[in-house]
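**Student:** Sequence unavailable; structure follows:
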């Protein structure tokens, strides 16, 4: 059996550089978890439907299971581990999920957190409809959507409270 | 669910990409990957080599000119959708792009990639066909323009040769007294449509002079039906040319029913759109 060729890949994740050696077929989701040790990014369906693996690529939410690690070399990637504030406290979206019971089993939560973090940058004052639209590409099998919608609205409030403070 | 092994190349020039593609029979081009990577993950596709064009320069444009909108091979759906200039020149782009998957997928997936993926259940191949657009392709043998009417060969099959890369799609602009509309029915917003219908209507300012409908998910290839002489019952004319199929999501009969509901509705909306545009154009 021939050995699969490995590629030297430099990934920029949450402000740190990770030098990893991966085969071309390594999905970004697997590279983050197995090669970078960042297991906060969860892997659900692996074909782009469930949204659990969503990370921010240059600030925009993308499915890490639909990207190859070798193809992510020029990008700044933010995972759920990179959402906390500089002092380690919870970000507004994380705090809102805690406040509003926006997570149950927690499996889908990293994808929701990254998606909503980017969504609130684009729509800082979402209506309830806009909050639902924001999370329409993410599945929660505990079906905790009501509290997740509340969390989106609460996160927007917290962002405003913090920027006013 | 992991892809089978493949060789990987990330060229920095189009020439390099084309030479590599010409030299490897089993190679596929990777742009956004939002259709290709699921196929790899499920091992429905196993190319020997991926040629990643994401590092190529000068392909990310959304350029609006007098005759229409030119979209480069690396322009993401989200970037095309964000261009208000493009939407003004051809409103059907925005109407349809809002239905392409979810925003997260649109952030990565490319419009040109979706077109040459040639999925008859996808919106943008049908939009290009309905508007009589075209795709520019390049290979080591040179460049050529493929009109949309000659682009789709079969299910998930375009007429690009193996060594050709689609570099740009051209969507003609909308004439001042013409109108467009798009609607689709999906189980959830962002899912593939059970049926989607777009209309393109030309008028003399009031009366309809030409009308055509484009259909999503009711045929093997994007189909456009001329309904200029069937304005009273466009669905009957359309169903004579369409081939709705049963699948896990909907029965053929239900799809035919949705065609009957959507065709007149979308035709009426495009006609209203044309008249309101013609009205605006003639105002002093």
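**Tutor:** Arrived safely. Small disclaimer: the values here were computed from a predicted structure and weren't measured.

**Student:** So residue B:141 sits against residue B:163, correct?
**Tutor:** Yes - taking C-beta atoms under 8 Å as the definition, residue B:141 is a contact partner of residue B:163 at 7.2 Å. (Each C-beta comes from the backbone N, C-alpha and C, glycine too.)

**Student:** out of those two, which sits in the more crowded spot?
**Tutor:** residue B:163 (19 against 11; other C-beta atoms under 10 Å in any protein chain shown).

**Student:** how near is the more buried one to residue B:32?
**Tutor:** The spacing between residue B:163 and residue B:32, counted by C-beta to C-beta, to the nearest Å, is 21 Å.

**Student:** Could you tell me which residues of the stretch 1-150 of chain B lie near chain A?
**Tutor:** B:1-8, B:10, B:30, B:33-34, B:37-38, B:40-42, B:50, B:52, B:54-55, B:78, B:101-105, B:107-108 (C-beta under 8 Å from any C-beta of the partner chain).

**Student:** Give me the buried subset of these.
**Tutor:** Among those, those classed as buried by 16 or more other C-beta atoms under 10 Å in any protein chain shown are B:3, B:6-8, B:10, B:30, B:33-34, B:37-38, B:40-41, B:50, B:52, B:54, B:78, B:101-105, B:107-108.

**Student:** so of the residues of the stretch 1-150 of chain B next to chain A, which ones are in strands?
**Tutor:** Members of those lying in strands (criterion: DSSP state E): B:7-8, B:30, B:50, B:52.

**Student:** Just send the residues you listed back as CSV, with distance to residue A:14 too.
**Tutor:** Listed next are those as CSV, based on distance: C-beta to C-beta, whole Å:
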residue, distance to residue A:14
B:7, 30
B:8, 25
B:30, 25
B:50, 27
B:52, 24
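
**Student:** State the pair within those that is farthest apart.
**Tutor:** B:7 and B:30 (12.0 Å; C-beta to C-beta).

**Student:** if I look at those two, which residues touch both of them?
**Tutor:** residue B:50 (C-beta atoms under 8 Å, 6 or more residues apart in numbering or on different chains).

**Student:** What about the closest residue to chain A within the stretch 51-200 of chain B? Give its phi and psi, please.
**Tutor:** Closest approach between the stretch 51-200 of chain B and chain A, counting by C-beta to the nearest C-beta: residue B:102, at 3.0 Å. Torsion angles at residue B:102 (phi, psi; degrees, to the nearest 10) stand at phi -110, psi 160.

**Student:** correct me, but it touches residue B:192?
**Tutor:** No - with contact defined as C-beta under 8 Å, residue B:102 and residue B:192 do not form a contacting pair (11.8 Å).

**Student:** and residue 148, how many neighbours?
**Tutor:** Unless you meant another one, I'm taking chain A. Quick note: residue A:148 (other C-beta under 10 Å) scores 27 neighbours.

**Student:** sorry, should have said chain B
**Tutor:** 24.

**Student:** cool, residue A:123 as well?
**Tutor:** 15.

**Student:** on that earlier part again, list just the nearest of the ones in strands among the residues of the stretch 1-150 of chain B next to chain A to chain A.
**Tutor:** For these, the nearest to chain A is residue B:8 (3.3 Å; C-beta to the nearest C-beta).

**Student:** So what sits opposite the closest one in the bridge?
**Tutor:** residue B:50 (DSSP bridges).

**Student:** residue contacts, it?
**Tutor:** A:7, A:24, A:68, A:70, B:49-50, B:52.

**Student:** and what of residue B:55?
**Tutor:** Contacts of residue B:55 by C-beta under 8 Å, 6+ apart are A:74, B:10-12.

**Student:** Next: residue A:130.
**Tutor:** residue A:123 are the contacts of residue A:130 under C-beta under 8 Å, 6+ apart.

**Student:** before we move on, the earlier item: give me the buried subset of the contacts of residue B:55.
**Tutor:** In those, the ones that pass as buried (16+ other C-beta under 10 Å) are B:10-11.

**Student:** I'd like the contacts of residue B:55 written out as CSV, with distance to residue A:134 and pLDDT added.
**Tutor:** CSV is the format used below for those (distance: C-beta to C-beta, whole Å; pLDDT from 0 to 100):
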residue, distance to residue A:134, pLDDT
A:74, 27, 89
B:10, 33, 97
B:11, 37, 98
B:12, 36, 97
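
**Student:** Would you mind splitting chain A into its domains for me?
**Tutor:** A:6-82, A:92-164 (automatic domain parsing).

**Student:** Quickly compare these and say which is most buried.
**Tutor:** domain A:6-82 (a mean of 20; mean count of other C-beta atoms under 10 Å in any protein chain shown).

**Student:** Please see if that one touches chain B.
**Tutor:** Yes - contact of domain A:6-82 with chain B (C-beta under 8 Å from any C-beta) involves A:7, A:23-25, A:27, A:30, A:46-48, A:51, A:54, A:57, A:60-63, A:65-68, A:70-71, A:73-74.

**Student:** So which of these sit within helices?
**Tutor:** Per DSSP state H, helices hold the following members of these: residue A:30.

**Student:** With that, I have no additional questions.
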